[in-house]
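The following comprises the amino acid sequence and a computationally predicted model.
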Amino acid sequence: MKFREDINGLRAIAVIAVVLFHFNTPFIPGGFAGVDVFFVISGFLMTSIIFRGLENNNFSVLSFYKARAVRIIPALLVVSTTVLIFCWFFLMPLKLEALGRHVIGSISFLSNIFYWQESGYFDTKSQTKWLLHTWSLSVEWQFYIIYPIALIILKKIISINNIKKILIVTTVIGLGISIYASYYWPSPAYFLFPTRAWEMLAGGLVFLYPVALNQPTKKYIEWVGLLLILLSYVFISKSDMWPGYLALIPVVGAALVILANNSNSPITSNKIMKNIGLWSYSIYLWHWPVVVIGHYFDINHWAIIGIPLSILLGFISYTVIEKNKVSLKAIILPFILILGLAYTVSSNIGLFYNIPTINLKAITTNTKTDHNGAYTWANIRRLDKQIFTEEHKEKVLIIGDSQAGDFTNNLYDAGLNKNVEIVSRVVEADCGFFYLPPAEQNIAFSQSPTIKDNQMWQNKCSTFIKNVDKGDVVEQANVIILSMYWRDINMNWIFKSIQNIRAKNQHAKIYVIGGKSFNIPVSALAYEAYKQKIDPGHYAKMNIANNDLENRAVQNKQFEANARLPEYNYTFINMTHVMCHSDRCDVIDKEGNSFYSDKRHTTRAGTKYIAEQLHKQQLFNEILAPENQ
């Protein structure tokens, strides 16, 4: 295919938006839609290559894969290797171990699946994931693998014209799946191939159904397309469901620009856009690690340096790597070596640090270790939405998020009275409160920094709260336990929720469980304590949560002050007193087992420790079996 100036310029428009968005420039909150523009371009180009080959009966799928590999892999290998070596000098073991896994995902083009699996409740901040941006390359590569094989099979069965018609239907169905999944399963919808494929197929349809246009019409169609892309950059934000129906705006915009095929456009064909378009792949590869550097080292006004640096690195990468075409054979050995290095880092992190095994054990504990994340939710999810069915048993209702999950596990490990029946109602932390009527919910949503502009989450939270009343469990409970990740900004609505619970049930014993968070994960506490040669318990006491989201000391005072007021009338369990004594907080046992899998969730060892403290401090006498007290 003849070099398309307009497509090259469209690449520039896409990468500029992505870079500006990731560096948090305020005027394009929807710059992430540049990725969708890239998908349309890829779909157009790949469809043109495959269909020309199929129509001429000379398409080779192996040659197609080889061409894609030598185009994409060399620069990706260089970036992945550079990041891995660079981070070895300053990342703590757990972070480097995760980076090793991410390198494996990136160069094997499975990173979108890796990041989707990490995008749940216990996900770390995106700015700490050095290769997060490679998810889109993985989606494209999965398209490269599946698409030609599917077309080859179809060609053996039906005609080319019928294949084209099938692709129209498939694109429409794919859009429908994407819209549905974006609402009900936002994380997989964002990262996974099935909900992104329609965007690439849309680009393919532009090639399959070309339209002959005169020069004035080309200009108008190009302008409409560019306007749609610009609108998506300016008026869409990350609070919108994506990719849902809104993704049609940049996708249709990109398709119109390609359809216009305006080679004389002053917008896409000028020298600046031509160069940025040529460097766009390398700029995309390098810009995100540069973004993460700014976040990691907390550099003020990093965009002023980071954006030019990203362009410079992209130019160098394009000149040194992309322009110098290599053979597939030249890629294989470096690929195997970096894959082996990344696997070693991810599976034997102790080889890269001179840390005693007993210290390394706590330093490398996270939510994935021993399935800690799944363990947190196991009991409370099992009990969620159940109703009380056993008349002669003490009825215990637990309401809350993963903190309630932790406390449910604490109670089980402490040993429950045989006459106790437990049910739960899960309300996730982002909601900020757990029991408000609809009118109060709407006010609280409008004040919530996490979900005030997110209708999807507001709908989810309304559903969670509605489920609390299912089965009349609030009225029937003898004991009600309230436990959440309490955030300072939501405290007024939290107390209003407690008041509403008390109004609904005047006789129940209500327990409010205080927070148990630290400012940083306990793995990081253990690492810093080891480096500074101080006791991790003392270091933990200095790092009890007192950040912008949660000041535990202030919260504890608020909970204690309101506990005996008649409109609340609850018992407050101060988890600081449970976990901390004198000048230390117990976070690691003598064998090096961490009590925490992150900042605030307990491991099995931590659950066992808290259960022992419940016995020792004679808490929950209404619940604990008398013989175990």
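All right, it came through fine.

where in this protein is pLDDT low?
Counting by pLDDT under 70, the chain has low-confidence residues at 1, 120-124, 414-419, 620-629.

rerun that using 80 as the cut-off
1, 119-125, 413-419, 450, 453, 455-456, 615, 617-629 (pLDDT under 80).

How about the residue nearest the centre of the chain: what's its closest non-neighbour residue?
A centroid search over the chain (Cα atoms, centre = their mean) returns S119, at 3.3 Å, as the residue closest to the centre. When the adjacent residues along the chain are set aside, S119 lies closest to S187, with 4.2 Å between them (Cβ to Cβ, 6 or more residues apart in numbering). For every residue, glycine as well, the C-beta is placed using N, CA and C.

Please identify which helix or strand holds that neighbour.
helix 186-191 (DSSP states H and E).

re the thing from before, please verify my assumption that the residue nearest to S119 contacts I113.
No. When contacts are counted by Cβ atoms under 8 Å, S187 is not listed as touching I113 (11.3 Å).

which of these two has more neighbours?
I113 (19 against 15; other Cβ atoms under 10 Å).

which residues does the closest residue to I380 other than its chain neighbours contact?
Closest residue to I380 apart from its sequence neighbours, by Cβ to Cβ, 6+ apart: G405 at 4.0 Å. G405 sits next to 376-381 when contact means Cβ atoms under 8 Å, 6 or more residues apart in numbering.

quick one: G405 is in a helix?
Yes. Assessed by DSSP: H, G, I helix; E, B strand; the rest coil, G405 belongs to a helix.

so what does whichever strand or helix holds N556 touch, helix or strand wise?
Using DSSP H and E, N556 sits in helix 552-562. In terms of contacts (3 or more Cβ pairs under 8 Å, 6 or more residues apart in numbering; DSSP states H and E), helix 552-562 is packed against helix 491-504, strand 571-573, helix 575-579.

starting at the chain centroid, how far to that helix?
Relative to the centre of its chain, helix 552-562 is centred 32 Å away, using Cα atoms, centre = their mean, to the nearest Å.

and the residue nearest to the centre of the chain, what does it touch?
187, 190-191.

gap between N366 and N519?
17 Å (Cβ to Cβ, to the nearest Å).

which of the two has more neighbours?
N366 (23 against 16).

Now that one: which helix or strand?
Per DSSP H and E, there is no helix or strand for N366.

Correct me if wrong: it contacts Y596.
No. Using Cβ under 8 Å, N366 is not in contact with Y596, being 9.5 Å away.

any common contacting residues for those two?
Counting by Cβ under 8 Å, 6+ apart, the residues touching both N366 and Y596 are 521, 523.

ok, the residue nearest to the centre of the chain to L77 distance?
Counting by Cβ to Cβ, the gap from S119 to L77 is 25 Å.

How about L167?
From L167 to L77 the distance is 33 Å (Cβ to Cβ).

How about residues contacting stretch 159-167?
Stretch 159-167 has contacts (Cβ under 8 Å, 6+ apart) with 51, 54-55, 151, 154-155, 158, 201, 204-205, 208-209.

where exactly do the strands run in the stretch 251-400 of the chain?
Secondary structure of the stretch 251-400 of the chain (DSSP state E, counting those that start in this stretch): strands at 394-400.

what's the offset of stretch 40-54 from the middle of its chain?
31 Å.

Residues contacting that stretch, please?
Stretch 40-54 has contacts (Cβ under 8 Å, 6+ apart) with 1, 7, 10-11, 14, 59-60, 64, 140, 143-144, 147-148, 151-152, 155, 160, 199-208, 250-251, 254-255, 258.

Select from those residues every entry located in helices.
7, 10-11, 14, 64, 140, 143-144, 147-148, 151-152, 155, 160, 199-208, 250-251, 254-255, 258 (DSSP state H).

Could you work out the end-to-end span of stretch 242-251 for me?
12 Å (Cα to Cα, to the nearest Å).

List the buried residues in that stretch.
Neighbour counts over stretch 242-251 (16 or more other Cβ atoms under 10 Å) mark 242-244, 246-251 as buried.

residue boundaries of the strands in the stretch 451-600 of the chain?
479-483, 509-513, 571-573, 580-581, 584-585.

Comparing those strands, which comes out most buried?
Highest mean neighbour count among those (mean count of other Cβ atoms under 10 Å): strand 479-483, with a mean of 24.

Give me the neighbour count for F86.
Neighbours of F86 using other Cβ under 10 Å come to 13.

Kindly indicate whether it is helix, strand or coil.
Quick answer, by three-state DSSP: F86 is helix.

what about it, distance to S523?
The value you get for F86 to S523, if Cβ to Cβ is used, is 21 Å.

Next: T25.
33 Å.

possible to save the helices and strands packed on helix 552-562 as JSON lines with distance to I336?
Output for the helices and strands packed on helix 552-562, formatted as JSON lines (distance: least, Cβ to Cβ, whole Å):
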{"stretch": "helix 491-504", "distance to I336": "54"}
{"stretch": "strand 571-573", "distance to I336": "54"}
{"stretch": "helix 575-579", "distance to I336": "47"}
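
who wins for proximity to S346 among the ones you listed?
helix 575-579 (31.2 Å; Cβ to Cβ).

From the contact counts, what lies against that closest one?
helix 552-562, helix 604-616.

tell me the most buried of those?
The most buried one of the helices and strands packed on helix 575-579 (mean count of other Cβ under 10 Å) is helix 604-616, showing a mean of 20.

Just the CA trace of that helix, in CSV.
The C-alpha trace of helix 604-616 is given here as CSV (Å, rounded to 0.1, in the frame of the first residue of the first chain):
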residue,chain,number,x,y,z
ARG,A,604,-4.2,-15.7,57.6
ALA,A,605,-1.5,-15.0,60.2
GLY,A,606,-3.0,-11.6,60.9
THR,A,607,-6.5,-13.1,61.2
LYS,A,608,-5.2,-15.6,63.7
TYR,A,609,-3.4,-12.8,65.7
ILE,A,610,-6.6,-10.7,65.8
ALA,A,611,-8.6,-13.7,66.9
GLU,A,612,-6.2,-14.2,69.8
GLN,A,613,-6.5,-10.6,70.7
LEU,A,614,-10.3,-10.8,70.7
HIS,A,615,-10.1,-13.6,73.2
LYS,A,616,-7.4,-11.9,75.3
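
hmm, back to that, so which of the contacts of G405 would you say is closest to I513?
I380 (12.8 Å).

in what helix or strand does R71 lie?
Using DSSP H and E, R71 falls in helix 61-88.

how near is the nearest residue to I544 once chain neighbours are set aside to I168?
Nearest-residue entry for I544: R552, 5.5 Å, with adjacent residues in sequence omitted and distances by Cβ to Cβ, 6+ apart. R552 is 57 Å from I168, where distance means Cβ to Cβ.

do the same with P437
48 Å.

out of the two, which sits in the more crowded spot?
I168 (15 against 10).

Would you check how far apart the spatially closest residue to that one that is not a sequence neighbour and I166 are?
Nearest non-adjacent residue to I168, counting by Cβ to Cβ, 6+ apart: L205, 6.5 Å away. Taking Cβ to Cβ as the measure, L205 falls 11 Å from I166.

and the two? which has more neighbours close in?
More crowded of L205 and I166, by other Cβ under 10 Å: L205, with 19 against 14.

So the more buried one versus S138, what's the distance?
Distance from L205 to S138, by Cβ to Cβ: 23 Å.

per the record, what domains does the chain have?
5-349, 371-518+548-581+601-628 (automatic domain parsing).

how about JSON lines for those domains, with distance to D535 added?
Shown next, in JSON lines, are the domains of the chain (distance: least, Cβ to Cβ, whole Å):
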{"stretch": "domain 5-349", "distance to D535": "18"}
{"stretch": "domain 371-518+548-581+601-628", "distance to D535": "13"}
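
For the residue nearest to F559 when sequence neighbours are not counted, give me its contacts.
The shortest distance from F559 to any non-neighbouring residue, by Cβ to Cβ, 6+ apart, is to F572 (4.5 Å). F572 makes contact with 511-512, 514, 556, 559-560, 563 under the criterion Cβ under 8 Å, 6+ apart.
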